[in-house]
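**Student:** heads up, no residue letters with this:
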């Protein structure tokens, strides 16, 4: 059994030291050894933290408090009950009473108790967008799953350090192959942008030079960030600090490639291309279930026949390719060229999260092979550790009306198309969807099941968001301005969080909250505090809960001058006209379209009226 696996299964929290014998010596020594980090901290708050230490999990509680503001030295972490070195598991340190958090780990293929490298801190990396086009709802299904996971862990008491990359170089059209052959996706984007500028689809002044790949990347990066913020995707509000671009870390990639060559994990082939040697890393294939024999035979179209003679093994994948004619290129020790797709995440995770081993890595299931498999090989090869991320958590695919989403089938939707009412389904223009409804729809299915995105599902999600919003408003009115502190011991909060602690069981969590929203409240002040805590995780009623400084958006509140609302009113008039002409099929079709957008539709003597 690999060493990393053994540590994973047998890791235990180190017993808390005997504070009576060491507090007067070691604790003061450890704290005073870090005067820059904790200047003026010990004397002013010593009694408070000594009180923390005398309670249950005292050392871990102190680490959690300090880690909210400081990066602790390993000496202090070890002293207070941690393990030092940053590679072994600690207790999960959740605030949830009597609940064990556990997630399915794609690496071990089983549900495991969640533990962290550093007590109370979760270092989490998510594969982000490739900014050559607008993000579609399948992308955001994966992104919002990571957002739900993060918000749950934060509500459970963890400090979550979340990083998500933005790929603006090196992603090729044939991304099923580890080498990433074909054409650079940015080159395709340039061709589309030129056409769109000619046809007027691009706003005036948005792109000055359609031949400049950096301008293209900037345009679609801004679009992605705006889409993410529209859906209350938390990390979109941390752009650019926690959302690094690949092109900003070329030097770091080159440094890691040098390290891999020095350690014998990479080599320069006769054509000048730098490859990772998969035979140098025996664990290659563990995440995906592939074997080197399988990859050698090229089963499943994973391995191209091109340039195989130049490699030591057909599955060896590219780290750097000299190509002076490539659309984006940089100087390097191996010639002017560009990096492979996989190296960026290994580098940016290490640089921004500051540790060779992180707690969680998320992404869509399509990234398991080759991308995440290659990340593990690179990261472990460079660091010398037996693991890169202790938990690999992947979201399944999104379907549309039971079919794979594709432009050729007319069921391909970007987020902005659905939000602004320009999405078309099999030729029919769909009514604009409220962002809270779209967020709920993309969150409500368990991440390990294929999600089926349907118009009926949107109607159901609109009804659920409406119910939660009305419940929130009712509690606010009944609380009469009185407030209570958030309490994880509230019975509904306990059940809600317990469901999420079971491998992020969102369906079970919603089954707790939605019936509660129909019940009268015996203590609206406490219930309102509990609902706010729950909505810090869901962020739908209102949209934006848990985002400091962000204006909250309540579903049902809209500006009558809003274009989407005016379009809905026009549909009401069309519905009335269809009824007068006895075209009831058309009337039913329009009614369904309005309901899919989240409107309640009623027929009155004065015609069709809508409400949210």
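**Tutor:** That came through, no problem. Because the structure is predicted, anything quoted here is derived from the model rather than measured. Residues are numbered from 1 along each chain as shown.

**Student:** Now for residue 580, how many residues are close by?
**Tutor:** For residue 580, the count of nearby residues is 10 (other CB atoms under 10 Å). For glycine as for every other residue, the C-beta is placed from the backbone atoms N, C-alpha and C.

**Student:** mind checking pLDDT for it?
**Tutor:** pLDDT, residue 580: 87.

**Student:** got it, and residue 551?
**Tutor:** For residue 551, the pLDDT comes out at 84.

**Student:** so what's it closest to, chain neighbours aside?
**Tutor:** Nearest residue to residue 551, sequence neighbours excluded (CB to CB, 6 or more residues apart in numbering): residue 544, at 6.8 Å.

**Student:** Please tell me I have it right and that neighbour contacts residue 232.
**Tutor:** Yes - between residue 544 and residue 232 a contact is recorded at 5.1 Å, counting by CB atoms under 8 Å.

**Student:** Next, show the common contact partners of the two.
**Tutor:** Each of residue 550 lies in contact with both residue 544 and residue 232 under the rule CB atoms under 8 Å, 6 or more residues apart in numbering.

**Student:** Find the residue at the geometric middle of the protein.
**Tutor:** Centroid-nearest residue in the chain: residue 146, 3.2 Å away (criterion: CA atoms, centre = their mean).

**Student:** got the contact list for that residue?
**Tutor:** Counting by CB under 8 Å, 6+ apart, residue 146 touches 124, 126, 162, 164, 362, 395.

**Student:** how deep is the fifth one tucked in, by neighbour count?
**Tutor:** Neighbouring residues of residue 362 were enumerated by other CB under 10 Å; the total is 27.

**Student:** and it, that's in a strand?
**Tutor:** Yes - the assignment for residue 362 (DSSP: H, G, I helix; E, B strand; the rest coil) places it in a strand.

**Student:** can you tell me how far it sits from residue 143?
**Tutor:** Computed as CB to CB, to the nearest Å, the residue 362 to residue 143 distance reads 9 Å.

**Student:** got any residues that touch both of those two?
**Tutor:** Listed as contacting both residue 362 and residue 143 by CB under 8 Å, 6+ apart are residue 126.

**Student:** How much space separates residue 124 from residue 255?
**Tutor:** According to CB to CB, residue 124 stands 24 Å off from residue 255.

**Student:** between the two, who's got more neighbours?
**Tutor:** In terms of neighbours (other CB under 10 Å), residue 124 is the more surrounded of residue 124 and residue 255; the figures are 25 against 14.

**Student:** which phi and psi does the more buried one have?
**Tutor:** Residue 124 adopts backbone torsions of phi -130, psi 130, taken as degrees, to the nearest 10.

**Student:** Identify the bridge partners of it.
**Tutor:** For residue 124, the beta-bridge partners under DSSP bridges are residue 162, residue 360.

**Student:** Assess the claim that it and residue 150 are in contact.
**Tutor:** Yes - if you go by CB under 8 Å, residue 124 and residue 150 touch, sitting 6.5 Å apart.

**Student:** what touches both of these two?
**Tutor:** Common neighbours of residue 124 and residue 150, using CB under 8 Å, 6+ apart, are 160, 162.

**Student:** Run through the strands of the stretch 401-550 of the chain in chain order.
**Tutor:** For the stretch 401-550 of the chain, strands defined by DSSP state E, counting those that start in this stretch occupy the ranges 403-404, 424-425, 428-429, 451-453.

**Student:** by contact count, what packs against the longest one?
**Tutor:** In this structure, strand 451-453 packs against strand 398-400, helix 435-443, with contacts taken as 3 or more CB pairs under 8 Å, 6 or more residues apart in numbering; DSSP states H and E.

**Student:** 7 Å instead, please
**Tutor:** strand 398-400 (3 or more CB pairs under 7 Å, 6 or more residues apart in numbering; DSSP states H and E).

**Student:** which residues of the stretch 501-612 of the chain score low on pLDDT?
**Tutor:** Scanning the stretch 501-612 of the chain for pLDDT under 70 picks out 557-563, 598, 612.

**Student:** what do you get for the stretch 301-450 of the chain?
**Tutor:** In the predicted model, the stretch 301-450 of the chain carries pLDDT under 70 at residues 301-307.

**Student:** so can I have a markdown table of the strands of the stretch 401-550 of the chain showing mean neighbour count and distance to residue 524?
**Tutor:** Formatted as a markdown table, the strands of the stretch 401-550 of the chain follow (neighbours: other CB atoms under 10 Å; distance: least, CB to CB, whole Å):
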| stretch | mean neighbour count | distance to residue 524 |
| --- | --- | --- |
| strand 403-404 | 12 | 45 |
| strand 424-425 | 15 | 41 |
| strand 428-429 | 12 | 42 |
| strand 451-453 | 20 | 35 |
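
**Student:** Turn the ones you listed into JSON lines, including distance to residue 294.
**Tutor:** What follows is the strands of the stretch 401-550 of the chain, written out as JSON lines (distance: least, CB to CB, whole Å):
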{"stretch": "strand 403-404", "distance to residue 294": "25"}
{"stretch": "strand 424-425", "distance to residue 294": "39"}
{"stretch": "strand 428-429", "distance to residue 294": "44"}
{"stretch": "strand 451-453", "distance to residue 294": "29"}
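
**Student:** which other residues reach the one helix or strand residue 392 maps to?
**Tutor:** Per DSSP states H and E: residue 392 is located in strand 389-395. Applying CB atoms under 7 Å, 6 or more residues apart in numbering, the external contacts of strand 389-395 come out as 8, 89, 103-107, 114, 117, 125, 141-142, 145, 149, 287, 357-365, 368, 372, 447.

**Student:** one step back: indicate which one of the strands of the stretch 401-550 of the chain is closest to residue 353.
**Tutor:** Across the strands of the stretch 401-550 of the chain, residue 353 has its closest neighbour in strand 451-453 (28.6 Å, CB to CB).

**Student:** Contacts for the closest one next, please.
**Tutor:** By CB under 7 Å, 6+ apart, strand 451-453 touches 137, 141, 398, 399, 400, 402, 441, 445.

**Student:** With stretch 432-444 instead?
**Tutor:** For stretch 432-444, contacts defined as CB under 7 Å, 6+ apart pick out 137, 140-141, 144, 148, 230-232, 418-421, 453, 457-458, 461-462, 464-465, 506, 510, 539-540, 543, 553, 555, 564, 567, 597-598.
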